[in-house]
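Visitor: How does the following fold in three dimensions:
(one chain, ligands or ions: 2)
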Amino acid sequence: MTFSVHGLAVSRGIAIGRAVLVASSRADVAHYFVDDAKTTDEITRVRVSRNAVMEEITRLQQDLPKDAPHELAALLDVHLMLLQDEQLISGVKHWITDRHYNAEWALTTQYEIIARQFDDMEDEYLRERKADLEQVVERILRHMKGVASPVVPAGQAGAGRKLSEQDLLLDDTTDVPLVLVAHDISPADMLQFKQSLFAGFATDVGGKTAHTAIVARSMDIPAVVGARSASQLIKQDDWVIIDGDAGLLIVDPSPIILAEYGFKQRQGELERQRLNRLKNTPALTIDGQRVELLANIEMPEDTAGAVAAGAVGVGLFRSEFLFMGRTGRLPDEEEQYQAYRKAIEGMHGLPVTIRTVDIGSDKPLDKLAGRAQDGQLNPALGLRAIRWSLADPPMFLTQLRAILRAAAHGQVNMLVPMLAHASEIRQTMSLIDHARVTLDNQGVPYGPVQLGAMIEIPAAALTLKLFLKYFDFLSIGTNDLIQYTLAIDRADEAVSHLYDPCHPAVLRLVADTIAECNAQGKGVSVCGEMAGDTAMTRLLLGLGLRSFSMHPSQILAVKQQILRADAGKLQPWAEQVLNSEDPAALLQA
Ligand code: PEP
Ligand code: MG
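Guide: Residues are numbered from 1 along each chain as shown. Ligands and ions are numbered 1, 2, ... in the order given. As a prediction, the model looks like this:
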């Protein structure tokens with residue numbers, strides 16, 4: 001039966017496909033398709049591991065001491081029974097044979113289906129058997145990985161883990177479009193999906209400008225976050241429409257609804273093709289004002305998309321993505337240098353703005369890296385971004401040296417996130433000097449960089465003169481500026497209705513920053529999501545902004561707005577919006 005689930009629209013477009021439910025606790029298994037010839041091998045892999053686990057348990061049973069509690073023997077019996085469960089075995093075969101899932105994916109998919117049936121059981125004893133099922137599946141998976149199974153206490157295996165960053169690369173061997181449904185996806189995992197073939201995705205949690213949503217937007221596939229119970233309501237393999245414009249999921253759609261959304265999908269494609277014609281058109285307003293359209297990227301490979309969209313440079317390289325989702329080791333100087341150099345070379349002489357690492361808040365490092373954010377009372381207000389860098393000078397110096405070295409290969413700007421205090425500015429400057437001195441002493445070549453600061457804390461926006469004394473340019477991070485001005489966690493869907501880019505206080509801080517930079521002849525851009533929001537383009541132009549940095553996928557739509565705008569005429573209107581009690585109403589008018 002058709003039903004719908006509402007969430008937040010984070011990435012535009014319509015996706016129609018079958019749901020792949022990736023449960024948080026079972027996500028760190030490989031997900032890929034196997035071709036016809038390999039399906040028998042995959043089924044054999046599961047069978048061999050299952051038989052091995054059965055042998056293990058039988059041996060355990062035989063070796064039980066005479067005085068072992070009776071419950072332990074009974075528990076092992078239950079495990080043996082579950083291992084021979086017909087529904088488990090036939091389900092796994094189905095996913096491998098009919099849907100070409102690899103063995104691990106098939107096993108976890110079938111586990112999810114049976115686990116839900118356990119959840120629905122009236123009888124408490126039977127309901128609790130879900131934990132046993134989880135244990136036996138875990139043992140089979142470990143066996144397939146070639147890892148010995150420890151005896152895990154029921155109910156503790158994998159509980160509460162986020163979707164892992166590993167192995168979610170899919171290769172293209174099936175025609176059925178797939179959409180990913182999960183409780184939560186970390187930004188690092190999202191990055192992995194860039195190389196996959198999911199046509200869209202939906203999560204239960206998350207806000208519009210949380211980093212997971214930002215990465216989804218950069219992939220330019222339809223996405224809905226904050227859809228509360230989507231991962232509970234949607235079942236494995238359900239047909240789902242993801243309406244990324246309306247923030248809506250339609251499950252098991254009727255043929256009429258399918259036809260309607262198929263039509264919308266084609267309209268969207270036509271619109272895209274139309275916008276594509278603007279690719280080589282210079283971004284000039286009607287009254288001849290030149291506007292710089294830059295790209296936000298997460299990885300050096302993203303420069304290809306930036307160039308293809310006609311970006312005139314990279315306005316924000318979120319370097320922290322090089323640091324995330326790694327097990328135990330941060331990128332060393334050489335690895336970072338190579339990554340930055342690759343981005344610079346990918347832009348073929350156009351400028352690249354590399355932001356120093358912004359770890360923390362909703363962008364934690366991998367737990368094993370030893371610097372987990374877990375346990376911080378309030379990570380968005382905690383040891384994040386420049387605070388984290390200044391707390392670990394050797395790590396920061398490594399990055400600074402890598403950026404300076406890469407600057408020998410092209411035009412590089414270095415951007416520092418989340419500064420608020422004069423002391424932080426001075427410490428940062430002194431570490432940059434120190435990095436230069438060490439390179440000089442070692443005779444390592446490096447290049448000049450323009451230095452910029454992110455304005456993303458109200459305290460920074462209110463002390464612009466201090467910032468402009470030290471920095472060559474400023475870049476306004478509206479995502480955080482909104483979060484910190486309005487005290488709204490940008491990743492929390494429960495307060496997402498209060499996350500308001502048009503709040504007069506936010507607009508005032510943005511306007512003052514642009515005006516002060518323009519008055520002093522210093523560069524200023526906006527690199528938060530506001531820059532890629534076509535509803536805000538005219539206002540930002542009217543406030544005097546001439547440099548916008550956004551996901552490559554948004555550049556052409558923003559360019560279209562610019563081509564239709566008369567910047568001179570927008571100025572008094574922008575002033576009106578700024579002084580209005582309800583700026584959003586004026587923007588829509
Ligand atoms: C911002 O805060 O607006 C910004 C661009 O940085 P990030 O989204 O990575 O925090
Ligand atoms: Mg920020």
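Visitor: Assess the claim that residue 114 and residue 91 are in contact.
Guide: Yes: contact criterion Cβ atoms under 8 Å: residue 114 and residue 91 qualify, at 7.4 Å. From N, CA and C alone the C-beta is placed, and that goes for glycine too.
Visitor: what is in contact with these two at once?
Guide: Shared contacts of residue 114 and residue 91 (Cβ atoms under 8 Å, 6 or more residues apart in numbering): none.
Visitor: how far away is the nearest residue to residue 428 once chain neighbours are set aside from residue 432?
Guide: Sequence neighbours aside, residue 416 is the residue nearest to residue 428 in space, at 5.6 Å (criterion: Cβ to Cβ, 6 or more residues apart in numbering). According to Cβ to Cβ, to the nearest Å, residue 416 stands 9 Å off from residue 432.
Visitor: So for the two, which residues contact both of them?
Guide: residue 451.
Visitor: pLDDT (mean, whole number) over stretch 258-278?
Guide: What stretch 258-278 shows for mean pLDDT is 94.
Visitor: So which bits of it are buried?
Guide: For stretch 258-278, a neighbour-count test (16 or more other Cβ atoms under 10 Å) marks 261, 264, 265, 268, 278 as buried.
Visitor: In contact with the closest residue in space to residue 389 that isn't next to it in sequence, which residues are there?
Guide: Leaving aside its sequence neighbours, residue 389 sits nearest to residue 396 (Cβ to Cβ, 6+ apart; 4.1 Å). By Cβ under 8 Å, 6+ apart, residue 396 lies in contact with 356, 357, 389, 390, 431.
Visitor: Recalculate using a threshold of 7 Å.
Guide: Contact analysis of residue 396 by Cβ atoms under 7 Å, 6 or more residues apart in numbering lists 389, 390, 431.
Visitor: can you check residue 351 too?
Guide: By Cβ under 7 Å, 6+ apart, the residues touching residue 351 are 313, 411, 413.
Visitor: Verify the stated contact: residue 357 with residue 390.
Guide: No: contact between residue 357 and residue 390 fails when scored by Cβ atoms under 7 Å: they sit 11.2 Å apart.
Visitor: neighbour-wise, which of these two wins?
Guide: residue 357 (27 against 16; other Cβ atoms under 10 Å).
Visitor: Not counting its neighbours along the chain, what's nearest the more buried one?
Guide: Per Cβ to Cβ, 6+ apart, closest to residue 357 is residue 320, 4.7 Å.
Visitor: what's around that neighbour, how many residues?
Guide: Should you count by other Cβ under 10 Å, residue 320 turns out to have 22 residues around it.
Visitor: Could you tell me the per-residue confidence at it?
Guide: At residue 320, pLDDT is 96.
Visitor: Would you mind listing the residues in contact with it?
Guide: 357, 358, 359, 363.
Visitor: which residues touch residue 287?
Guide: Shown in contact with residue 287 (Cβ under 7 Å, 6+ apart): 566, 567, 568.
Visitor: Please identify which helix or strand holds the last one.
Guide: Spelled out, it's residue 568. Using DSSP states H and E, residue 568 maps to helix 567-578.
Visitor: isn't there a helix covering residue 534?
Guide: No: assignment of residue 534 by DSSP: H, G, I helix; E, B strand; the rest coil gives coil, placing it outside any helix.
Visitor: correct me, but it touches residue 559?
Guide: No: contact between residue 534 and residue 559 fails when scored by Cβ under 7 Å: they sit 9.9 Å apart.
Visitor: Looking at these two, which one has more neighbours?
Guide: With neighbours defined as other Cβ under 10 Å, residue 534 and residue 559 compare such that residue 559 has more, 24 against 13.
Visitor: Tell me the buried residues in the helix or strand containing that one?
Guide: Per DSSP H and E, residue 559 falls inside helix 552-563. By 16+ other Cβ under 10 Å, the buried positions in helix 552-563 come out as 552, 553, 554, 555, 556, 557, 558, 559, 560, 561, 562.
Visitor: Run through who's touching it.
Guide: If you take Cβ under 7 Å, 6+ apart as the criterion, helix 552-563 is touched by 218, 220, 275-276, 278-279, 281, 283, 285, 291, 293, 295, 305-306, 309-311, 532, 534, 537-538, 541, 548, 550.
Visitor: Which members of the contacts of residue 396 occur in helices, if any?
Guide: 389, 390, 431 (DSSP state H).
Visitor: on that earlier part again, how near is the residue nearest to residue 389 to residue 384?
Guide: 14 Å.
Visitor: which parts of the stretch 351-500 of the chain sit against ligand 2?
Guide: By Cβ under 5 Å from the ion, the residues of the stretch 351-500 of the chain that approach ligand 2 are 456, 477, 480.
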